[in-house]
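Student: any chance you can model this:
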Amino acid sequence: MAVLETLSPNDLLTRQEKLYLTDILRGQAVYILPAEQNWTIMTRENINVMLPPGKTIEECEGSCLAETGKNIAADYVAQARISQFGKSLAISAELYETASSKLIASFAGKGETVDDIEKIIKENAPTFFRKARDNALNGVGYVNNNNTFSFQGSKKFIVEIQTEPVGAIPTFDGKAYPQCTSTPCKIQLEVGEHRLLVSKEKFVDLDTLVNVSENEQIIKLNLTPNIGFIDVVPQISEEFQNKSPIAVTINEKRANPGKNELVPGIYAVRISHICYDPIEINIALQKGETKTITDSLKPGIGALELDAVKNGEPLALPVIVNDSVVGTTPFSGVVPLCSKIEVEYDSVRRGVPVNVKWHEVTKTTFDVSNLPVIEQPVEDSLPKADIAYAKLDSANVPADTVKDTAAAEVAPSAKRFWGGVTVGFFYNDFHSTNFGLKNIKHRSEFNVSVNGSDDLLNNFWGIGFKAGVSGLYIVSPYFSVHGDFAFALRQGSGKTNVSVLLSMKDSKSATQKSDLKIEYNIKQLNIDIPILARVSIPKKLYFEAGPMLSFNTFSRSKVDVADIFGIQTYELNGDFSAFEFDIATGLGVTRNVGKSILDFNLRFVLGLTRISDSDDSPKTWQGQLNVTYWFL
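Tutor: Numbers count the residues shown, from 1 in each chain. You can find the predicted model right below:
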């Protein structure tokens, strides 16, 4: 047994401290491996003499120890190394059999001082060197009187290696074996500790020590996934999504939109589409991380040179890109990719069959010599609302939206009345009431006062819904009259804690106090009929205001009053008046959605009359969000 000098950085331990720790470790070897059992512990001087000329023991460490043991004719070689671990000292010791270069024992530990390291050596060295003794005794020796031949072999066991997931590649003590190339597999190994390394793509390599001690031993290992995800979900127009798919490459390899499973690393992601500028993003992906790309792609552009001819002669025709006039032929300019490109000829728009390429100049000539004559009604070429307003204004339809200007000059009679359906929801609340809590009548023998009655109004609120039909009479593009006939479901609830004081007029009687908890709930079904004057800024927004009549068709209220004696419930059906008068104001916009016309408006309704005949009955107020679909 050769115990080599303890190694450490020069600034960590002094030479005397390293020599001392080596002597402690060598002394433990002498104790565990006595000369009576034919063990020889090499001295420091023996080792230095046996080294090759010009080589020192400090020049070799790690797996080189076994080779060093062979150089000094040792069967076993051991060495300790001291290193820095945070603010502590750390020791690791290894014991190799030189014949097989196999690591048969090791130990490690940490401490604050050299004295702590000495204790670690004394605690672990006996077991450490006993592994060498057991390894030597596992062989079988044969001796006869006729010769000096002997044999010493190592015991072997069959070991099964299993991993989750399966399919990992194992190596044993740095070597791969053909009989065990993928888990699960079985292999024969010598008894003792072996360094087992298993690796699998997209999983973290697992490096561990296993102790082979019995036959048919099963070693189970769980691998940790070493993957992350790049989720590619760029934002593009739905129209262009149907036109062509998005192309994605990661590190110049084709990938898919959506989640891509990858091992940690640096990736170059490129996203492209025939209608957009490509984007390139570098991503540092870590284990277990998901990076999501949600960038909005920017429409790509190209250059277009467009000429128009008829029978070989050039023509000056309006050029229309995505329904906007951008110039006349001969045209030269930048246009977005995937644009709808048209020219207007004979008062009709004609599509130009051209495909503009990204950052390239595309040249084309549009020949109108043999084009058929197309008659297209104005109604089909304009948004309905623009046509109606243009007719009412007794003006030609604007040139940038008309395909048939000749038809536009003869504007038929305008349709002044629009019909439609309306839906909405609203916030409902009350004002100008104490719900009768302050109107309790006094009697000759006592007075009554209530504290906290205002809280019921402050806490009251509700959400309602409405649906019905609408009508709009258009006097001009700037003024119209709007009316609705809608069923409105109103509901609301409120809570409060009140104190009722009963003061007796008899001075000898004490004042009585009662604390009450009141919950108030109400439901109403009304018919609302607003008649509103509307002032419009065409194509922008409108303001409207006017009276609203409301007729109650159903009502139900419920009051729960809780005190120390329990809960008393009061329910009333149909207790509200059949008529209510309100003032409504609002603003909104009219927009074309496809071939349909929609109104979106916000409306405020203030009740001027009470909802029942009671003197302290509430007045209502509402904030509404309404949508109206118009039939022209």
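
Student: how far does stretch 420-437 sit from the chain's center?
Tutor: Taking CA atoms, centre = their mean, to the nearest Å, one finds the center of stretch 420-437 at 39 Å from the center of the full chain.

Student: check stretch 200-211 too.
Tutor: Relative to its chain's centre, stretch 200-211 lies at 32 Å (CA atoms, centre = their mean).

Student: cool, stretch 565-583 as well?
Tutor: Its chain's C-alpha centre lies 48 Å from the corresponding centre of stretch 565-583 when counted by CA atoms, centre = their mean.

Student: how about stretch 544-558?
Tutor: For stretch 544-558, the distance to the chain centre is 45 Å (CA atoms, centre = their mean).

Student: using CSV, write out every CA atom in that stretch.
Tutor: The C-alpha coordinates for stretch 544-558 follow below in CSV (Å, rounded to 0.1, in the frame of the first residue of the first chain):
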residue,chain,number,x,y,z
GLU,A,544,-78.3,62.1,-28.4
ALA,A,545,-80.6,63.2,-25.6
GLY,A,546,-84.3,63.1,-24.8
PRO,A,547,-87.1,61.7,-22.5
MET,A,548,-87.6,58.1,-21.7
LEU,A,549,-91.0,56.6,-20.6
SER,A,550,-90.9,53.4,-18.6
PHE,A,551,-93.9,51.1,-17.8
ASN,A,552,-93.6,48.6,-15.0
THR,A,553,-95.1,45.2,-15.9
PHE,A,554,-93.7,43.1,-13.0
SER,A,555,-92.1,43.9,-9.7
ARG,A,556,-91.1,42.0,-6.5
SER,A,557,-89.3,43.3,-3.5
LYS,A,558,-88.0,41.4,-0.4
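
Student: may I see the buried residues of it?
Tutor: 544, 545, 546, 548, 550, 552, 555, 556, 557 (16 or more other CB atoms under 10 Å). For every residue, glycine as well, the C-beta is placed using N, CA and C.

Student: what does stretch 536-543 give?
Tutor: 536, 542.

Student: what's the offset of it from the middle of its chain?
Tutor: Taking CA atoms, centre = their mean, one finds stretch 536-543 lying 40 Å from the centre of the chain it belongs to.

Student: average pLDDT for that stretch?
Tutor: Average pLDDT, stretch 536-543: 86.

Student: next, the distance between the ends of that stretch.
Tutor: 6 Å (CA to CA, to the nearest Å).

Student: for residue 436, grab phi and psi.
Tutor: With angles defined as degrees, to the nearest 10, residue 436 sits at phi 80, psi 0.

Student: quick one: the closest residue in space to it that isn't next to it in sequence from residue 457, how far?
Tutor: In space, residue 436 comes closest to residue 616 once its chain neighbours are excluded; the distance is 4.6 Å by CB to CB, 6 or more residues apart in numbering. Residue 616 sits 11 Å away from residue 457, going by CB to CB, to the nearest Å.

Student: what does residue 208 give?
Tutor: Distance from residue 208 to residue 457, counting by CB to CB: 73 Å.

Student: same check on residue 371?
Tutor: Distance from residue 371 to residue 457, by CB to CB: 73 Å.

Student: of the two, who's got more company?
Tutor: A direct count of neighbours by other CB atoms under 10 Å for residue 371 and residue 457 places residue 457 higher, at 19 against 13.

Student: ok, and for whichever helix or strand the more buried one is part of, which residues are buried?
Tutor: Assigned by DSSP states H and E, residue 457 falls within helix 454-459. By neighbour count with 16+ other CB under 10 Å, helix 454-459 contains the buried residues 455, 456, 457.

Student: which of the residues you listed lies closest to residue 334?
Tutor: residue 457 (62.4 Å; CB to CB).

Student: wait, the closest one touches residue 431, no?
Tutor: Yes - with contact defined as CB atoms under 8 Å, residue 457 reaches residue 431; the gap is 7.4 Å.

Student: between those two, which contacts overlap?
Tutor: Any residue near both residue 457 and residue 431 by CB atoms under 8 Å, 6 or more residues apart in numbering counts here, and that gives residue 618.

Student: what pLDDT does the model give the nearest residue to residue 418 once chain neighbours are set aside?
Tutor: With CB to CB, 6+ apart as the measure, residue 472 is the residue that lies nearest to residue 418, at 4.2 Å, once sequence neighbours are left out. Turning to residue 472, the model gives it a pLDDT of 92.

Student: pLDDT weak spots in this structure?
Tutor: 49-66, 137-153, 373-414, 438-446, 505-511, 577, 594-595, 632 (pLDDT under 70).

Student: can you do 50?
Tutor: The model of the chain has pLDDT under 50 over residues 139-148, 150, 377-382, 394-413.

Student: which residues in it form helices?
Tutor: Here the chain has its helices, by DSSP state H, at 15-32, 44-50, 64-71, 114-137, 238-243, 378-381, 384-392, 405-409, 454-459.

Student: the first one packs against which elements?
Tutor: Looking back up the chat, that one is helix 15-32. Secondary-structure packing of helix 15-32 (3 or more CB pairs under 8 Å, 6 or more residues apart in numbering; DSSP states H and E): strand 2-3, strand 76-85, helix 114-137.

Student: now the last one: how far from the chain's centre is it?
Tutor: Per CA atoms, centre = their mean, the displacement of helix 114-137 from the mean C-alpha position of its chain is 54 Å.

Student: relative to strand 76-85, how tilted is it?
Tutor: Angle, helix 114-137 to strand 76-85, by axes from the mean of the first three to the mean of the last three CA atoms, to 10 degrees: 150 degrees.

Student: can you tell me what sits against helix 114-137?
Tutor: Against helix 114-137 from outside (CB under 8 Å, 6+ apart): 1, 13, 17, 20-21, 24-25, 28-29, 31-33, 37, 39, 75-76, 78, 80, 82, 89, 91, 93, 95, 97, 104-107, 109-111, 152, 154, 191-193.

Student: buried sites along it?
Tutor: Neighbour-count burial for helix 114-137, counted by 16+ other CB under 10 Å, picks out 117-118, 120-121, 124-125, 128-129, 131-133, 135-136.

Student: now those as TSV including distance to residue 601?
Tutor: Below are those laid out as TSV (distance: CB to CB, whole Å):
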residue	distance to residue 601
117	83
118	88
120	82
121	87
124	84
125	89
128	87
129	92
131	88
132	92
133	95
135	92
136	97
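
Student: right, and out of those, which lies closest to residue 564?
Tutor: Among the buried residues of helix 114-137, and counting by CB to CB, the member closest to residue 564 is residue 120, at 74.3 Å.

Student: and the gap between the closest one and residue 91?
Tutor: Residue 120 is 6 Å from residue 91, by CB to CB.

Student: now do the shared contacts for those two.
Tutor: Contacts common to residue 120 and residue 91, judged by CB under 8 Å, 6+ apart, are 109, 110, 111.

Student: dump the residue contacts of the second one.
Tutor: With contacts taken as CB under 8 Å, 6+ apart, residue 110 has the following neighbours: 85, 88, 89, 90, 91, 116, 120.

Student: distance of it relative to residue 612?
Tutor: 85 Å.

Student: which helices and strands does the helix holding residue 457 pack with?
Tutor: Against helix 454-459 (3+ CB pairs under 8 Å, 6+ apart) you get strand 479-504.

Student: what comes up buried for the strand it packs on?
Tutor: Within strand 479-504, the residues that qualify as buried are 480-482, 484, 486, 488-492, 494, 496, 498, 500, counting by 16+ other CB under 10 Å.

Student: can you give the distance from it to the centre of its chain?
Tutor: With CA atoms, centre = their mean, you get 42 Å for strand 479-504.

Student: stretch 106-118 too?
Tutor: On the basis of CA atoms, centre = their mean, stretch 106-118 sits 48 Å off its chain's mean C-alpha point.

Student: who does the closest residue to residue 156 other than its chain neighbours bridge with?
Tutor: Counting by CB to CB, 6+ apart, residue 156 lies nearest to residue 188, which is 4.9 Å off, once chain neighbours are set aside. Listed by DSSP bridges, the beta-bridge partners for residue 188 are residue 158.
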